[in-house]
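Enquirer: Provided below are the primary sequence and the corresponding predicted coordinates.
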Amino acid sequence: QVQLVESGGDSVQVGGSLRLPCAYTNSRYYMAWFRQAPGKEREKVAGISSHGGTNYADSVKGRFTISIDNAKNTLYLQMNNLKPEDTAMYYCAAHCSGGFCSSYRDFTYWGQGTQVTVSS
């Protein structure tokens, strides 16, 4: 059983930075960060494979960085130059069970989420 616990969410101003940690147990799977704004579908922000390969949504390329520290069992999302449209609940996910690992439907395990609010 995989357990995921996110933290680090906060309210920040435009242009600010945040780092979101996700502590995990029993995961050696492909892992990802998703976000969901009110009234919108949960969307993938970034993913990282067990070999360290990464991919990002176009909207966050160059601003967000996903990384993993297996010694600490922690997945990170470093977010820089934050914009109001980054406001959302952020979730970490593990174990892509099928598809292209691009949809929330492809993932088995989820954390409870952490809120990020960006204001101008």
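Expert: Cool, the structure landed.

Enquirer: what helix or strand is the residue sitting nearest the centre point of the chain on?
Expert: When C-alpha atoms, centre = their mean is applied to the chain, the residue found nearest the centroid is Trp33 (2.0 Å). Using DSSP states H and E, Trp33 sits in strand 31-36.

Enquirer: Nearest spatial neighbour of Arg35, chain-adjacent residues omitted?
Expert: Here the nearest residue to Arg35 in space, its sequence neighbours aside, is Ala88; by C-beta to C-beta, 6 or more residues apart in numbering that works out to 3.8 Å. Any C-beta I mention is one placed from the backbone N, CA and C, and that applies to glycine too.

Enquirer: and what of Val116?
Expert: When the adjacent residues along the chain are set aside, Val116 lies closest to Gly9, with 5.0 Å between them (C-beta to C-beta, 6+ apart).

Enquirer: partner strands of the helix or strand following the strand holding Trp33, parallel or antiparallel?
Expert: Moving toward the C-terminus from strand 31-36, the next helix or strand (DSSP H and E) is strand 43-48. The strands beside strand 43-48 in its sheet (DSSP bridges) come out as strand 31-36 (antiparallel), strand 54-56 (antiparallel).

Enquirer: Noted, bye for now.
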